[in-house]
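> When you get a sec, could you give me coordinates for this:
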Amino acid sequence: MNSIFYVLPCFLLATFSPCPSWAIPREVIIFPQAARVTEQTKVRLTPEGKDLRKAVIVIPGTADPSSFQLSPPAEGKLELNDLTWRTLPHDEATGIKDLRRQIKQLKEERNSQQASLHSLDNQIQFWQQQTKSRAKTTVEAGIIAAAIGKNIKKAFQEKLNLSPEIPRLDKQIKELEARLNLAQGKDDQPSLWEITIVFSGVPAGAPVNDALFAYSYTLTGCGWQPAYRLDSRPARGEILFGREAEVWQKTGQHWNDVLVQLATFAAPVSFLAPPAFPPGTIKPREGIKTTGKRSADKGKAQPGALEGPGPAEASTEGIGAPDDLKLWPAGRKTILTGTRLKIKLYEELWPATFGYLARPGQSPQAFISALFNLPESRKIPPGQATFFHQGGLLGKEYFSLSGKRGVLFFGQDPQITVTRQLLVDQPQLRQWRLEARNDQRTPIKLRIEERTPQIPDSRLKAKLHAAGAEEKSGLLSWEVEMAAGESKILTYGIEIESSGDREIE
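Below is the predicted model of the structure:
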């Protein structure tokens with residue numbers, strides 16, 4: 001029974017140190033849809049003919065073997081003679097056969113233990129039934145009682161000693177099955193690559209030895225995308241902006257404590273020569289209008305929020321660090337296969353002017369707005385942002401910026417409300433009443449917006465009545481300053497006139 005616990009450590013060593021060698025990554029440059037991995041490992045050199053030596057290295061199946069680059073070992077005078085590769089079945093390289101064999105042995109041992117427990121239960125039950133037997137004499141009764149007690153005690157002791165082994169074996173089986181699933185990967189996962197390197201310049205009769213190799217390769221199944229954190233701080237008049245990178249990898253290999261860099265450009269497709277120019281043809285894109293001026297990118301708020309009164313100003317002048325970095329040093333990280341990891345790149349404070357925007361035609365609660373104006377233009381690519389208000393989570397939305405000005409929204413404030421009531425409902429005249437309330441303990445600046453109706457019929461004319469409001473591009477707006485606990489009443493209406501003797505309904 002104890003032999004299993006002596007075999008297991010040796011087996012685990014064989015599982016993680018297969019032959020041929022599969023090294024652990026030391027440095028990784030992660031591109032948006034690929035990665036460049038650098039490894040260093042000691043490889044056994046074996047004879048290959050009279051004066052040649054051969055080394056075998058295994059790399060993941062998602063790697064491009066044509067991108068494999070090798071630095072010759074520092075020791076000796078070996079010269080690279082040839083390099084070939086072939087697909088390698090998982091069973092041969094990752095110890096899958098050994099894993100299956102070990103799981104089978106553990107299951108057989110568990111079944112044997114369960115059978116022994118069942119046998120002991122039957123023995124205990126048998127001796128318990130003997131208590132019902134009738135002895136003819138007192139001496140005979142004593143002998144029977146002693147035998148029953150002795151055998152029940154022995155069976156119980158054996159059961160108590162045996163019972164803990166079942167959960168222990170189940171735990172070991174579960175762990176090995178998890179490693180087996182990780183080693184097997186998905187059904188559509190390609191096989192591993194076996195790289196064979198042949199060296200020349202070996203003196204005849206030289207002993208076989210090990211050599212330390214450093215090499216790199218490009219692989220897919222990994223990448224990163226920008227992510228952001230935006231936290232409003234109205235009391236300080238600032239927004240805490242944090243830039244992050246969401247990294248993932250599905251290579252079937254854990255990256256433990258690797259030195260990570262993030263590249264903003266695509267992975268090179270060739271390390272020998274530049275690719276040929278594709279044929280150039282000028283033609284309209286399908287489904288894309290070519291007329292009109294392209295609008296600038298703008299910061300976007302959390303789901304359900306409304307866009308601000310104006311877009312961020314488009315500008316590409318004066319863009320400086322950190323937005324123009326091509327390689328982001330991210331330090332040492334552990335990225336497990338099949339997982340996603342967020343890496344913080346930097347944080348900075350954006351000065352902002354906070355206010356409130358109410359659109360009573362859509363919601364009685366006002367939206368918290370923040371107008372920021374940065375010292376320099378920025379070009380921040382689109383990415384998912386997590387929005388916070390004074391440290392409280394609001395939600396997620398995509399964010400981007402091209403310029404230095406913009407408006408962001410950070411949810412609704414139930415203490416700032418604007419309700420709308422229809423006062424006059426006639427064919428030629430409609431009039432509304434707006435009631436704004438500030439239930440906070442501090443004064444606020446509130447912008448109220450209403451959409452003015454558009455009349456496409458030239459025979460009709462509309463006349464607005466809105467004291468203190470500004471009308472621009474079909475938008476009616478009021479700028480209101482309110483003290484703590486104050487409420488204000490606004491009214492506006494629209495009068496419709498028709499040319500001739502037509503009636504309006």
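> give me the element K107 is part of.
Using DSSP states H and E, K107 sits in helix 96-129.
> next helix or strand past that helix?
Helix 96-129 is succeeded, C-terminally, by helix 138-162 (DSSP H and E).
> Next, the buried residues of that following helix.
148, 152, 155, 158-159 (16 or more other CB atoms under 10 Å). Every residue, glycine included, has its C-beta placed from N, CA and C.
> Next SSE downstream of the strand or helix carrying R405?
R405 belongs to strand 392-425 when assigned by DSSP H and E. Later in the chain than strand 392-425, the nearest helix or strand by DSSP H and E is strand 429-438.
> Show me the strands paired with the helix or strand that that following strand is followed by, marking each as parallel or antiparallel.
Later in the chain than strand 429-438, the nearest helix or strand by DSSP H and E is strand 444-451. Note on strand 444-451: by DSSP bridges, its sheet partners are strand 339-358 (parallel), strand 475-482 (antiparallel).
> So which bits of stretch 367-379 are buried?
367-372, 374, 377-378.
> Specify which member of these is nearest to V56.
For those, the minimum distance to V56 (CB to CB) is 49.6 Å, reached by R378.
> just to revisit the earlier point, give me the mean pLDDT for the helix holding K107.
Helix 96-129 shows a mean pLDDT of 83 in the predicted model.
> and it with helix 138-162, angle?
160 degrees (axes from the mean of the first three to the mean of the last three CA atoms, to 10 degrees).
> thinking again about what came up before, mean pLDDT, mean neighbour count and distance to F265 added to the strands paired with strand 444-451, as TSV?
Below are the strands paired with strand 444-451 laid out as TSV (pLDDT from 0 to 100; neighbours: other CB atoms under 10 Å; distance: least, CB to CB, whole Å):
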stretch	mean pLDDT	mean neighbour count	distance to F265
strand 339-358	93	17	16
strand 475-482	92	16	42
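> With distance to T442 added, can I get the ones you listed in JSON lines?
Output for these, formatted as JSON lines (distance: least, CB to CB, whole Å):
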{"stretch": "strand 339-358", "distance to T442": "11"}
{"stretch": "strand 475-482", "distance to T442": "10"}
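> Please identify which of the ones you listed is closest to V37.
strand 339-358 (16.2 Å).
> quick one, the closest one and strand 429-438 angle?
Using the same axes, to 10 degrees: strand 339-358 against strand 429-438 is 120 degrees.
> Strand 392-425 and strand 339-358, what's the angle between them?
30 degrees.
> in its sheet, what does the helix or strand that strand 339-358 is followed by sit against?
Moving toward the C-terminus from strand 339-358, the next helix or strand (DSSP H and E) is strand 365-389. Strand pairing for strand 365-389, determined by DSSP bridges: strand 222-233 (parallel), strand 339-358 (antiparallel), strand 392-425 (antiparallel).
> on that earlier part again, tell me how far the strand holding R405 lies from the chain's centre.
27 Å (CA atoms, centre = their mean, to the nearest Å).
> Then stretch 34-46?
The answer for stretch 34-46 is 27 Å, by CA atoms, centre = their mean.
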